[in-house]
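# only geometry, no sequence info:
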């Protein structure tokens with residue numbers, strides 16, 4: 001087990017009133033709204049990755065962290081996408097392929113409309129909503145090899161965006177590829193995937209990351225305090241974090257940690 005001074009970490013990275021701490025509080029508000037909606041409709045979700053690490057090790061955000069990740073099984077993700085728009089306050093927007101024509105990711109974001117966040121990557125420059133966000137990822141029982149088959153099908157759109165000298169023409173191609181993958185290619189891959197069901201979870205088709213979790217580590221879920229708010233985390237968080245991070249209670253080299261944003265503005 002690691003021993004560290006939480007007050008010293010907070011003073012160094014995210015003291016009250018700092019821009020990062022204000023961003024974290026906006027993300028906390030959005031995940032709290034998400035939790036309320038999921039509780040209302042009986043939709044299971046879970047914190048994972050660095051957000052889960054922060055929950056277990058810090059009872060909240062990793063002090064230098066500037067993102068928040070939520071996961072759901074694909075069937076639950078689809079239910080959430082149906083009910084969430086009507087439940088959100090005006091200053092929080094749901095960002096998906098349906099709500100933002102230039103959004104070509106295959107996972108959703110909640111965006112805070114009273115802020116502006118520019119990431120290191122240039123892809124968000126064409127999005128309609130560009131505020132502080134949390135990520136909402138769909139997971140499914142997909143073997144890694146089959147997930148890798150699907151990755152370049154949507155991954156090609158990122159190359160088109162980066163290399164094209166005509167942004168408008170590039171977006172027409174990207175929207176067409178995204179539509180084909182969403183309505184034709186990925187449904188075919190899901191049909192193939194029915195032959196290979198297992199206890200291993202990966203990101204749904206179209207998500208440009210590859211990670212493997214055991215569904216038995218996630219369910220049943222449990223509640224855990226995160227920045228003073230009760231949120232859902234995997235039942236066997238210890239095994240998930242140990243598998244992903246090793247000795248996860250040990251802090252990394254604090255001189256090398258950094259965030260993901262190039263520019264952040266919060267409007268009061």
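Received it, and whenever you're ready, just let me know what you need. All figures in this text were calculated on a predicted structure; none of them were measured in a lab.
# Tell me if I'm right that residue 133 and residue 117 touch.
Yes: in this structure, residue 133 is within contact of residue 117 by C-beta atoms under 8 Å, at 6.8 Å. Quick note: C-beta positions are derived from backbone N, CA and C, even for glycine.
# if you count what's nearby, which of the two comes out ahead?
Higher neighbour count among residue 133 and residue 117: residue 133, with 26 against 22, using other C-beta atoms under 10 Å.
# From residue 46, how far out is that one?
Distance from residue 133 to residue 46, counting by C-beta to C-beta, to the nearest Å: 18 Å.
# again with residue 151
23 Å.
# Counting neighbours, go ahead and name the busier of those two.
The neighbour comparison of residue 151 against residue 46 (other C-beta under 10 Å) goes to residue 46, with 24 against 16.
# Let me see the contact set for the more buried one.
Going by C-beta atoms under 8 Å, 6 or more residues apart in numbering, residue 46 touches 52, 70, 71, 72, 218, 221, 232, 233, 234.
# Let me know the secondary structure of the third one.
What it means is residue 71. At residue 71, secondary structure determined by DSSP: H, G, I helix; E, B strand; the rest coil is strand.
# pLDDT at residue 253, what is it?
Per-residue confidence (pLDDT) for residue 253: 93.
# Paired strands for the helix or strand of the chain with the lowest mean pLDDT, with orientation please.
Every helix and strand of the chain was ranked by mean pLDDT, DSSP states H and E. The lowest is strand 261-266, at a mean of 91. Strand pairing for strand 261-266, using DSSP bridges, gives strand 115-119 (antiparallel).
# After the partner strand, heading C-terminal, what element do we hit next?
Following strand 115-119 in sequence order, the next helix or strand is strand 133-140 (DSSP states H and E).
# Report all helices and strands that that next one contacts.
For strand 133-140, the packing partners by 3 or more C-beta pairs under 8 Å, 6 or more residues apart in numbering; DSSP states H and E come out as helix 19-41, strand 69-73, helix 74-87, strand 108-112, strand 200-203.
# To residue 176, which of these lies closest?
Taking C-beta to C-beta, strand 108-112 is the member of those nearest to residue 176, at 21.1 Å.
# what bits of the protein have low per-residue confidence?
Where the chain drops to pLDDT under 70, the residues are 1-2.
# what's the closest of the contacts of residue 46 to residue 88?
Using C-beta to C-beta, those come closest to residue 88 at residue 70, 14.5 Å.
# That closest one is in contact with residue 49, isn't it?
No: Residue 70 lies out of contact with residue 49 (C-beta under 8 Å); the separation is 9.8 Å.
# Determine the residues that are contacts of both of those two.
Residues touching both residue 70 and residue 49 by C-beta under 8 Å, 6+ apart: none at all.
# who's more crowded, the two?
Counted by other C-beta under 10 Å, residue 70 and residue 49 do not tie: residue 70 has more neighbours, with 26 against 21.
# check contacts around that one.
Shown in contact with residue 70 (C-beta under 8 Å, 6+ apart): 31, 34, 45, 46, 47, 48, 51, 134, 135, 136, 137.
# What of residue 151?
Counted by C-beta under 8 Å, 6+ apart, residue 151 has contacts 208, 210.
# Mind listing what's buried along the helix or strand containing it?
Secondary-structure assignment from DSSP H and E places residue 151 in helix 144-163. Buried residues in helix 144-163, counted by 16 or more other C-beta atoms under 10 Å: 146, 147, 150, 151, 153, 154, 157, 158, 161.
# could I get the residues you listed as CSV with distance to residue 182?
Shown next, in CSV, are the buried residues of helix 144-163 (distance: C-beta to C-beta, whole Å):
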residue, distance to residue 182
146, 17
147, 16
150, 12
151, 15
153, 11
154, 9
157, 12
158, 16
161, 17
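# Return the member of those nearest to residue 128.
Distance to residue 128 across these (C-beta to C-beta) is lowest for residue 161, with 15.9 Å.
# Wait, that closest one touches residue 125, no?
No: judged on C-beta under 8 Å, residue 161 makes no contact with residue 125 at a distance of 9.1 Å.
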